[in-house]
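Q: Give me a model of this one.
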Amino acid sequence: MTTIDQRNDIWETELNGLNLALWERMNALGVQAAWEHTVTGSDPEMTEQVGTMRRAMARSEFYEFVVKYQGEVLETQSRHDEDFRNVEINLLISAARTLEERGLTIFPR
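A: Take a look at the predicted model:
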């Protein structure tokens with residue numbers, strides 16, 4: 001299982017192409033992004049039931065990816081059972097759109 005510290009150490013290195021260009025531009029403007037814990041303390045037994053199916057939930061499903069600009073949270077999303085990279089890329093793009101709406105140039109012209 002990936003820990004939050006491990007994910008924070010590598011997520012930027014996995015960006016490429018347009019996603020990397022967007023992040024570099026955003027980061028140069030002071031945007032910050034990182035995975036944060038939403039569940040603290042010892043690992044509680046966490047389960048989810050959908051219909052008659054029940055499954056154990058990994059602690060990492062409760063990690064939240066948070067994108068901030070000047071201390072304001074622009075975007076945040078819990079991972080749940082989605083791929084880490086999908087959450088990261090989707091939130092960076094969404095945050096870039098928000099910044100563009102505020103008059104900042106993020107997307108290449």
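Q: quick one, what contacts Arg25?
A: Applying C-beta atoms under 8 Å, 6 or more residues apart in numbering to Arg25 gives the contacts Thr105, Ile106. Yep, even glycine has a C-beta here, placed from its N, CA and C like the rest.
Q: Helix or strand: which one has it?
A: Element membership for Arg25, per DSSP states H and E: helix 17-28.
Q: Not counting the next helix or strand after that helix itself, show me its contacts.
A: Following helix 17-28 in sequence order, the next helix or strand is strand 32-36 (DSSP H and E). The contact list for strand 32-36, computed with C-beta under 8 Å, 6+ apart, reads 4, 7-8, 11, 23, 26, 63-69, 79, 84, 88, 91-92, 95.
Q: Filter these down to just the buried residues.
A: 4, 7, 11, 23, 26, 63-69, 79, 84, 88, 91-92, 95 (16 or more other C-beta atoms under 10 Å).
Q: Check Val50 and give its pLDDT.
A: With respect to pLDDT, Val50 scores 56.
Q: same thing with Glu14?
A: Looking at Glu14, the pLDDT reads 97.
Q: Then the one 3 residues further on?
A: Per-residue confidence at Gly17 stands at 95 (pLDDT).
Q: in the helix holding Arg25, what's buried?
A: Using 16+ other C-beta under 10 Å as the test for burial, helix 17-28 gives Asn19, Leu22, Trp23, Arg25, Met26.
Q: Setting aside sequence neighbours, what's the nearest residue to the residue most central in space within the chain?
A: Closest to where the C-alpha atoms of the chain average out (C-alpha atoms, centre = their mean) is Phe65, at 2.7 Å. Spatial nearest neighbour of Phe65, excluding adjacent residues (C-beta to C-beta, 6 or more residues apart in numbering): Val87 at 5.0 Å.
Q: Next, count neighbours for the nearest residue to Glu14 once chain neighbours are set aside.
A: Of all residues not flanking Glu14 in the chain, Arg85 sits nearest, at 6.2 Å (C-beta to C-beta, 6+ apart). Using other C-beta atoms under 10 Å, Arg85 has 13 other residues around it.
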